[in-house]
Each structure stands twice: as structure tokens, then as C-alpha cells.
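Asks: test case, fold it:
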Amino acid sequence: MPESPAAHSSLNILVVDDETNIRRTLSVCLESEGHRVRAVSNVDDAVAEASTRSFDVCFLDMRLGADDGLDLIPVLVGIIPWLKIIVITAYASIETAVEAIRRGASDYLPKPFTPIQVKMAIEKVAKVHHLEQKVDDLQEELKLLRPDLDFSSSSPAMQLVINLARQVAASEATILLRGETGTGKTVLARQIHHWSNRSGKPLGIISCPTLSPQLLESELFGHVKGAFTSAVRDNPGRIAACDGGTLMLDEIGELSLSIQAKLLRFLQDREYERMGDSRTRKADVRIISATNLDLEQAVRTGRFREDLLYRLNVIQIEIPPLRERADDVMSLAELLLGFFGRKYHRPSICFTEAARESLKQHSWPGNIRELRNTIERAVILSSSDRVGAEHIPGKTVVAGSLPRIGDAISLARIEEEHIRRVLAGSKSLQDAADTLGIDQATLWRRRKRYGI
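Replies: A predicted model of the protein is given here:
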């Protein structure tokens, strides 16, 4: 029989009961099962604990002196939306059980109870918590619709990257992933989380350039209702949602200086405040950041904090571009072809020899992301089960094949090729944007449009 999630997952548990013996008994029982317990005796202390720490489960007494414990249920759930509450009471009845569930409790445990009953109650809510996390993970996967890269490589440089990532995954060190756009930094971050001791906890990913500074701060640290015009309800933020797990900050070089200061404080003290709220909160989150910028140059120009760079760069992993691992192009292309063949109901689709040569000859300035988009487009355009060179337009780099001003081609095609070449020859997105005469947000939209 497989073990329940509670058998191998340590939970953060809040005990709220005005009886000293009950608090002590529950704490000993739960801690003996490997869980972390905070025990309080009244409503105010319960709210204070929930406001500063993240909990998975709460054992809540129905009568707390002169206070009704059931009134505390919506308050706690409002602070920690994923909290599972087990009501405990010496005044058990069908009516009180129904009322507890109606107000948001997950289970109901009458006093006196035994350690076995407590363990069974924990296992029950842990299973629900585990299933909810699996659903969240599956929804994230469906959004991305990405193939599972097997992280095998013929490239010595890439093999070193993979070995280093496996080695540091088991540590608690902050990791900085560096590499050109499209090299697979997000995919590697996911794999590091999977290899780590935090794999049973949430993984969050934030793309820093896609949000305004205000929205990015809200997404990262959360906000309370009314913190700004569109804040119509509380948002716990990704740090709270990823407590015990991992948070990846993609393109961290795009953070504003004000957010950099708040992130630095979180990395140093594991403390933060939500927007519009002065209450200090704590969370245990491992940060993996990624960038294609020269952060040292950004420090010299005052666009990035030097002390934050030191905090982020405990372990640095440099991912080589696809042009430096040419032997991997065809293995990746075959993997992607199989993935998109299944997705578009063409399981037997394959490359012609001419298509293989086209794929091998291209320099892939957009790296794996460009290769992925190229293969998907080829599968869609192919009318048979064979992908030919004609289905990979513009990928073979030979004399006379690149677009020229005055050719019978669209402006969009010229713009795409120009952006690709500028990106391939630039040290950073900012350098490319400066060369093109546009801001980084516009460049990001163009890259998204052309799959670069």
C-alpha cells in the first residue's frame, strides 16, 4: 500500500485551544510525526501567528473562553486561503459539525480524541492538500504545453551544467542561471526544483519584464484589499504561495531598484510586507533567478544593486547557447518533433534528409525556444508525415538566402530577421533594444510575436 502524503511530508500546523493540556498533547502528538507546530490559546494570538507565518493545517477549538472559535474560521482562511481547519470540541453535535463545515472547516474532531484519530485527521487533510498541489502543477503544465526534455547531452559544456545543477539542487543555496534568451533557463530551474528536497512543495515562476513595477511587487509580495486602485481583494503573493518550495525570478535584471531593495531584505532575513500592509511576514522560499543580461555591467551603471547580485550569485550556472552545442540540435529536434507529432495527432511524422541539413546548418540565435517554435510550425505546415526543408523557411544560412531590401517579401519578415540578427550579436536585451531604437517592453512583444 502506498504511503499517504502525510507519511513523508512535514506540515506547518497551528493549534488554537484555551486548554493547556490539549495544546501540549496535540503538540507532542504532531511533532512526533515530524510536523512543525505553533500552539496558542486565544483568537488574537491565532491571527497574529497566521499573519506572520504560513500554515497548512489548523486545529481549532470551537470554544475559546468567551469567543466562538467558529467565528475565527473565515478570518484564518482569509489570511491563508489554502489553510485546512480541523475543528475540535467537547460539545460535539451534528448541528455544530454542519455549521463548522459551512463556515469553511475541512474536518471535525470531537473530544476526547486519541493520537490515532489525530493522525488519521492529519492524513486526510494532507491527502487533499497533496491533490490540490498536483492539480495546480498539472494546470501549470497545461498552460505551458511543453515537452519533457531529458537533460541528456553530447556537449561537454552542457554535461557540466547538468552535473552542477544536480549537485547544488540538494542544497539550500540561492542559484543564478545565466545564458542567452531561449537557452532553457526556466526548464533547468524546474528540474532543479524537481531534484531538490523541496520537490513536494510549490514551484512558482515570475517573468519580471512582463509586469509593471507595481504589479510585479504585488505578484511577488502580495497586497491587501485597497492597496491600489485595482486591488479589490487580498492577494497573498507568490512568496506566501511558495512557502517551503521554490520561486524562480526570470530575467531578474529587469527588476526596478525599489523591488530589488525589498527582495534583498527577503533574501537576508526571510521577512517581507504585503503592499498596503505594515505587518511583517516570514516565509521559507528558495530563490532561483535567471538573466541574459550582464549584471556586472548593470551594477556599474547603477541599474542593479551590487549587494543583491552577491546574494543571488551564491551558485552561478552558465547555460551555453545552442550554437555551441551543435551535436544536440538533432536530438532536441527529434524530441520536439515527437512531442508536436503527438500533440497534432501525427505520431509517425519524421524529418527528410534535407530538413536535417537545414536544421544543422542554422546558427539558432533564438536557441531552444527558436528551435521549438520552428519544429511546431513545420509539423503544422507539413501535409504529409515527412517534414522537409521547405517546411523550415529561412533557417538555412547560405549565401543569397537571407532577405534583402527590395525583395518581394513582407515587412514583417524583414523585421523578424533583423531582430534575430541584432539579438544574436548583442550582449544583452538592453543592448539589442538600444540598437533597434525601441524599449525593452516593445522588444519583448516582438520576440513573442516572432517566437524568438
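Asks: pull the number of nearby residues for residue 225.
Replies: 12 (other C-beta atoms under 10 Å). In short, each C-beta sits where N, CA and C put it, glycine included.
Asks: what pLDDT is listed against it?
Replies: As summarised for this prediction, residue 225 has a pLDDT of 86.
Asks: how close does it get to residue 232?
Replies: 7 Å (C-beta to C-beta, to the nearest Å).
Asks: what's the answer for residue 356, then?
Replies: Per C-beta to C-beta, residue 356 is found 54 Å from residue 232.
Asks: who has more neighbours out of those two?
Replies: Between residue 356 and residue 232, counting by other C-beta under 10 Å, residue 356 is the more crowded of the two (18 against 8).
Asks: which strand or helix spans residue 337?
Replies: Assigned by DSSP states H and E, residue 337 falls within helix 329-343.
Asks: can you list the domain ranges for the protein.
Replies: 5-128, 145-320, 324-450 (automatic domain parsing).
Asks: tabulate the ones you listed (JSON lines), appending distance to residue 134.
Replies: Output for these, formatted as JSON lines (distance: least, C-beta to C-beta, whole Å):
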{"stretch": "domain 5-128", "distance to residue 134": "10"}
{"stretch": "domain 145-320", "distance to residue 134": "10"}
{"stretch": "domain 324-450", "distance to residue 134": "22"}
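Asks: and stretch 78-93, how far apart are its ends?
Replies: 26 Å (C-alpha to C-alpha, to the nearest Å).
Asks: may I see the buried residues of that stretch?
Replies: 79-80, 82-89 (16 or more other C-beta atoms under 10 Å).
Asks: select the longest helix from the chain.
Replies: Longest helix in the chain by number of residues (criterion: DSSP state H): helix 115-144.
Asks: returning to what we had before: closest one of the buried residues of stretch 78-93 to residue 205?
Replies: Nearest to residue 205, judged by C-beta to C-beta, of these is residue 82 at 18.4 Å.
Asks: which SS class is the closest one?
Replies: Of the three states, residue 82 takes coil under DSSP: H, G, I helix; E, B strand; the rest coil.
Asks: now do the same contact list for it.
Replies: Shown in contact with residue 82 (C-beta atoms under 8 Å, 6 or more residues apart in numbering): 56, 129, 132, 241.
Asks: how much space between the nearest residue to residue 298 once chain neighbours are set aside and residue 312?
Replies: Of all residues not flanking residue 298 in the chain, residue 304 sits nearest, at 3.7 Å (C-beta to C-beta, 6 or more residues apart in numbering). Noted for residue 304: a distance of 10 Å to residue 312, by C-beta to C-beta.
Asks: when those two are compared, which one has more neighbours?
Replies: In terms of neighbours (other C-beta under 10 Å), residue 312 is the more surrounded of residue 304 and residue 312; the figures are 26 against 23.
Asks: backbone dihedrals for that one, please?
Replies: Dihedral pair for residue 312: phi -80, psi -30, per degrees, to the nearest 10.
Asks: wouldn't it be in contact with residue 174 here?
Replies: Yes - using C-beta atoms under 8 Å, residue 312 is in contact with residue 174, at 5.8 Å.
Asks: who touches both of these two?
Replies: Counting by C-beta under 8 Å, 6+ apart, the shared contacts of residue 312 and residue 174 are 267, 287, 289.
Asks: could I get those residues as a markdown table with neighbour count and secondary structure?
Replies: Converted to a markdown table, these look like this (neighbours: other C-beta atoms under 10 Å; DSSP: H, G, I helix; E, B strand; the rest coil):
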| residue | neighbour count | secondary structure |
| --- | --- | --- |
| 267 | 17 | helix |
| 287 | 21 | strand |
| 289 | 27 | strand |
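Asks: looking at these, which is nearest residue 178?
Replies: The nearest member of these to residue 178, counting by C-beta to C-beta, is residue 289 at 9.4 Å.
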